[in-house]
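Q: What would the 3D arrangement of this be:
(one chain, ligands or ions: 1)
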Amino acid sequence: MKKYFCKTTEESLKDFDVTLNGLTSAKATEIITSVGENILNEKKKKSMFSIFIEQFKDLLVIILIVAAIISAMTGNIESTIVIIAVITLNAILGTVQYVKAKQSLASLKALSAPNAKVIRNGVKIEIASKDVVPGDILSLEAGDLVVADGRILENFSLKVNESSLTGESESVDKFPDVIKANEVALGDQINMVFSSSLVTYGRATVLVTNTGMHTELGKIATLMEETEEKTTPLQVSIDDFSKKLAIGILGICVIVFGLSMYRGTPLLDSLMFAVALAVAAIPEALSSIVTIVLAIGTQSMAKEHAIIKKLKAVEGLGCVSIICSDKTGTLTQNKMTVQKIFVDNKLIDSNNIDSKNVDSNFLLNSSVLCNDSTSIDGAEIGDPTEVAFVNLVHKYSINEIECRNTYPRLSELPFDSDRKLMSTLHVIDGNHIIVTKGALDVLMNRVTSIKTSDGVVTFTESDKTNINKTNRDLSSQGLRVLAFAYKELDEAKDLTLEDEDDYTFLGLISMIDPPREESKEAVADCIKASIKPIMITGDHKITASAIAKEIGILREGDLAVEGLELDKMSADELNYKLQHISVYARVSPEHKIRIVKAWQDKGKIVAMTGDGVNDAPALKQADIGIAMGITGTEVSKDAASMILTDDNFATIVKSVTNGRNIYANIKNSIKFLLSGNMSGILAVLYSSLLALPVPFAAVHLLFINLLTDSLPAIAIGMEKSKKDVLRDKPRDASESILTKDFIKDVSIQGLIIGIFTMISYHIGLATGNHGIAMTMAFSTLCLARLFHGFNCRGKRSIFSLGVFSNKFSWMAFIAGVILVNAVLLIPVLQKLFEITPLSTNQLLQIHLFAFIPTLIIQIFKVIRDAIEDKNEKSQEKNDDKEKNKAA
Ligand code: ATP
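A: Numbers count the residues shown, from 1 in each chain. Presented below is the predicted three-dimensional model:
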């Protein structure tokens, strides 16, 4: 392999037959066909067959296999065949669902794959990292993930964190100079960058030398383990519950078996009782339903602009009670337009600037020079704050490219949100001038003189007061204010942080960044849902407060604090004030971690947004780290558990709603499965206790389980997201899914269905034909469970939820009813499923008895809804009265 660290940049470029203008698209396509995509090989995925076999390793399925064996021993071969067929069918369904869930997660992963900026055909473009090829010219800047190995061609204070390769946690400085040595350790190859490193500062142009498995990373990880998505807490607790349930069921089976034997029931019949009970009680679909509903949920969230990177975030979202959000771009539109400038002690409207005036002209030019963005023919590239300056100078016929060519940039100190400044060094009329822009409060303390129409004069206290007052006035209108200053150097040099001092004040430029239209409603939704929205911004406190007030985050009695004030607060003081602070202004990324931790110490689940290179630790610390898809750095996306593809605060609130709904859907599906099984268990137990003959054959119960555990359960999991869930408080993260209410519902609903199944059974027994009794019990239970699917769609009645709002539940219901009737009426199926033909009257009876439990449950829900609505209305009235009183 060639060693590019000991080659000059020219030699390296020549090796790849490329210039700084990059490859042509045709050449890039040619290269990618010969060397392949820039990806690491993944370990071979599990085969379909091994996934299928895994379905049989479940304890519940093993019990069913034992049941099949017992059936065979009791001479019931047909039953055995059906049990085996059902288990196999279940395993096939399980395999298909598992593969689908995996595919959907893989597609989410692809959506969040990193991009890279490369120069192709002389133009900077963004492409998927997998399309980067050796010979590409890569453009790196702070926040980027390095996606391939490369030789640095141009370097502007680049610092890179290579800890994933070298273990060194500190960022290292990079230089383009040739290293004159033959063997150099990776960590010392300072003119090279390596795949998986993070750019923490500066920028650079890099020639890609190796991609994919040929990179240093590829060499270490010869085979990347398939990144196995860890099971979520809910999946763990459901698996745990299934195991306990299986053991419990076995215990009950043993007792029922013992009881039958004690009564003198023949051994085989007693065994059949126990088997029937086991089959009735085991909810085979329990763990797979969680995986499926999570997969369906994350897919629909992706369509609504939220890409889930870590599956456990979906559950976490439902528990979120604090949302800490950036201001710029998330709560606001990030469409900046300059409103006013302040120069030579005068405030001037952006439409009335005299661009011939020396001071104004200098300020306008400075705003394009100390600026990395472009706005050509409506195509805006770069930071919206900087784009606003370029658009401003266009109004006065200043050409950004000409200006930058006339006053070339010699050196720079890039913007970073900790320093809140950016500086560039230029040759202006033969002089070496540093132009700096940034936060006024940071710059103000470094100013010693001021440029006025009378020339440069000493900066006085009255200048300071005047500028501060102007800044306050502008900020209180919600405007973002940036200050400009400059300084002359004796000679050209590489800028260092020490140079950012002893300035001449030039002026202020203020711009408007209106709140997003949907922010206000989203904030109101948060408050309704007992979630506290908090604004955390690098911007000025007054600007932030004005916007926060407008959208409802900063309310009567709330506090806005600055990073500096936060620094002075003790842990106790912060803990005391925390509840009341709604705006944190002028914060640096370290403050974000402190805020998250303080809330977590209070036991709250915190969602936090971040976009910058330094936001990664806070995003990791938060329970739900949220990165910005459009403006966010690759580093922040890497650290986040969720990415917003539209950078919008309203999407976070929508995701919380979705998170709550997905959890509710899972819970409802489980409720459906358990209450249905409960009715089966109660029916069998009842018959056993009353020494009645077995009410169901094992095949009956298997048929019921197969029919109801699949489609109807999934249909419940697909219930559409409802804003209704915002009326509830966030879920307690430590709360088990099996709450008292949940167990109560499962038991009562199971009991009602069980009772009507047994009424049907008794009517059948009264005919003196056990076959008819069994058929009636089976069909009533099966149909009742299909009806019951509608009860489990949500907490409220079907009329509140919308009778036809979930078309899947209707499809599952209709398919189910057709299948049950097919088994009841078609002779071949009758034989296979041990069905005795029923009279028309009996057929009507079973449909009626199956419907009554749902009727009862719905009547109860309608009454409960009415009471809840009434209480809510009177609560609202009381709140209004309180408000009026307070007013
Ligand atoms: P948020 O944190 O809500 O996204 P923000 O964009 O104001 O808001 P930062 O990007 O951290 O946060 O900016 C902090 C401050 O730094 C700004 O208020 C501004 O004064 C200054 N600033 C922002 N962008 C630039 C820039 N490109 N050059 C120089 N200074 C900047």
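Q: From the contact counts, what lies against the longest helix anywhere in the chain?
A: Scanning the chain for the helix with the most residues, using DSSP state H, yields helix 840-886. For helix 840-886, the elements it packs on are helix 740-766, helix 770-791, helix 798-801, judged by 3 or more C-beta pairs under 8 Å, 6 or more residues apart in numbering; DSSP states H and E. Every C-beta, even on glycine, is put in place using the N, C-alpha and C of the backbone.
Q: The residue sitting nearest the centre point of the chain and Ala733: what is the separation?
A: In the chain, the C-alpha closest to the average C-alpha coordinate belongs to Met642, at a distance of 2.7 Å (C-alpha atoms, centre = their mean). Look at Met642 and Ala733: by C-beta to C-beta, to the nearest Å, they are 17 Å apart.
Q: what do you get for Leu619?
A: Using C-beta to C-beta, one gets 19 Å for the distance from Leu619 to Ala733.
Q: again with Cys324
A: When distances are taken as C-beta to C-beta, Cys324 and Ala733 turn out to be 17 Å apart.
Q: Which residue of the two possesses the greater neighbour count?
A: A count of neighbours by other C-beta atoms under 10 Å puts Cys324 above the other of Cys324 and Ala733, at 22 against 16.
Q: A strand includes the more buried one, no?
A: Yes - inclusion of Cys324 in a strand is indicated when DSSP: H, G, I helix; E, B strand; the rest coil is applied.
Q: So it is in contact with Thr537, correct?
A: No - in terms of C-beta atoms under 8 Å, Cys324 does not count as a neighbour of Thr537; the distance is 10.4 Å.
Q: In this protein, what residue comes closest to the ligand?
A: For the chain, the residue positioned closest to the ligand under C-beta to the nearest ligand atom is Gly538, at a distance of 2.5 Å.
Q: Tell me which helix or strand that residue sits in.
A: Taking DSSP states H and E as the criterion, Gly538 maps to no regular element, lying outside all helices and strands.
Q: Near Gly680, how many other residues are there?
A: Using other C-beta under 10 Å, Gly680 has 29 other residues around it.
Q: So it sits against Phe696, correct?
A: Yes - applying C-beta under 8 Å as the test, Gly680 and Phe696 come out as touching, 7.4 Å apart.
Q: can you give me the helices for the stretch 251-400 of the chain?
A: 267-281, 286-303, 312-317, 358-369, 384-395, 400-406 (DSSP state H, counting those that start in this stretch).
Q: so what secondary structure elements neighbour the fourth one?
A: Contact here means 3+ C-beta pairs under 8 Å, 6+ apart; on that basis helix 358-369 packs against strand 337-343, helix 384-395, helix 400-406, strand 431-438, strand 447-452, strand 480-489, strand 503-512.
Q: and the angle for that helix with strand 480-489?
A: Between helix 358-369 and strand 480-489, the angle formed by their directions is 100 degrees, by axes from the mean of the first three to the mean of the last three C-alpha atoms, to 10 degrees.
Q: still on that earlier bit, can you tell me which of the helices and strands packed on helix 840-886 the model trusts least?
A: Of all the helices and strands packed on helix 840-886, mean pLDDT reaches its minimum on helix 798-801 (a mean of 89).
Q: State the distance from the nearest residue to Gly659 once chain neighbours are set aside to Thr232.
A: Leaving out its chain neighbours, the residue that sits closest to Gly659 by C-beta to C-beta, 6 or more residues apart in numbering is Leu317, at 2.5 Å. For Leu317, the distance to Thr232 (C-beta to C-beta) stands at 12 Å.
Q: More neighbours: which of the two?
A: Of the pair Leu317 and Thr232, Leu317 is the one with more neighbours under other C-beta under 10 Å, namely 31 against 19.
Q: list the contacts for that one?
A: Leu317 makes contact with 607, 624, 642, 655-656, 658-660 under the criterion C-beta atoms under 8 Å, 6 or more residues apart in numbering.
Q: And the furthest pair within these?
A: Maximum pairwise distance in the contacts of Leu317, criterion C-beta to C-beta, is 14.7 Å, between Met642 and Arg660.
Q: give the contact list for Trp599.
A: So, once contact is read as C-beta under 8 Å, 6+ apart, Trp599 ends up touching 322, 578, 606.
Q: where's it, which helix or strand?
A: If you go by DSSP H and E, Trp599 is part of helix 589-601.
Q: which parts of that helix are buried?
A: Of all the residues in helix 589-601, those buried under the rule 16 or more other C-beta atoms under 10 Å are 589, 591-599.
Q: which one of those residues is nearest Ile670?
A: Looking at the buried residues of helix 589-601 and their distance to Ile670, the nearest is Trp599, at 30.3 Å (C-beta to C-beta).
Q: ok, now how distant is the closest one from Val320?
A: Relative to Val320, Trp599 is positioned 11 Å away (C-beta to C-beta).
Q: Quick check: residues of this structure near the ligand?
A: Residues of the chain that fall close to the ligand, judged by C-beta under 6 Å from any ligand atom: 326-328, 383, 385-386, 415, 417, 420-422, 437-439, 482, 537-539.
Q: can we see that at 5 Å?
A: For the chain, the residues in contact with the ligand (C-beta under 5 Å from any ligand atom) are 326-328, 383, 385, 415, 417, 420, 422, 437-439, 537-539.
Q: Which two of the residues you listed have the greatest separation?
A: Considering C-beta to C-beta, no two members of those lie farther apart than Asp326 and Lys437, which are separated by 20.3 Å.
Q: Which residues are in contact with Val694?
A: With contacts defined as C-beta under 8 Å, 6+ apart, the neighbours of Val694 are 269, 272-273, 276, 684, 687, 774.
Q: A strand includes it, no?
A: No - with three-state DSSP as the criterion, Val694 is assigned coil and is not in a strand.
Q: Which phi and psi values does the closest residue to Asn115 other than its chain neighbours adopt?
A: Once its chain neighbours are removed from consideration, Asn115 has its nearest residue in Glu126; the separation is 5.0 Å (C-beta to C-beta, 6+ apart). Main-chain dihedrals, Glu126, degrees, to the nearest 10: phi -110, psi 130.
Q: Please report how far Glu126 lies from Lys597.
A: Note on Glu126: its distance to Lys597, by C-beta to C-beta, is 35 Å.
Q: Please apply the same query to Ser839.
A: For Ser839, the distance to Lys597 under the criterion C-beta to C-beta works out to 71 Å.
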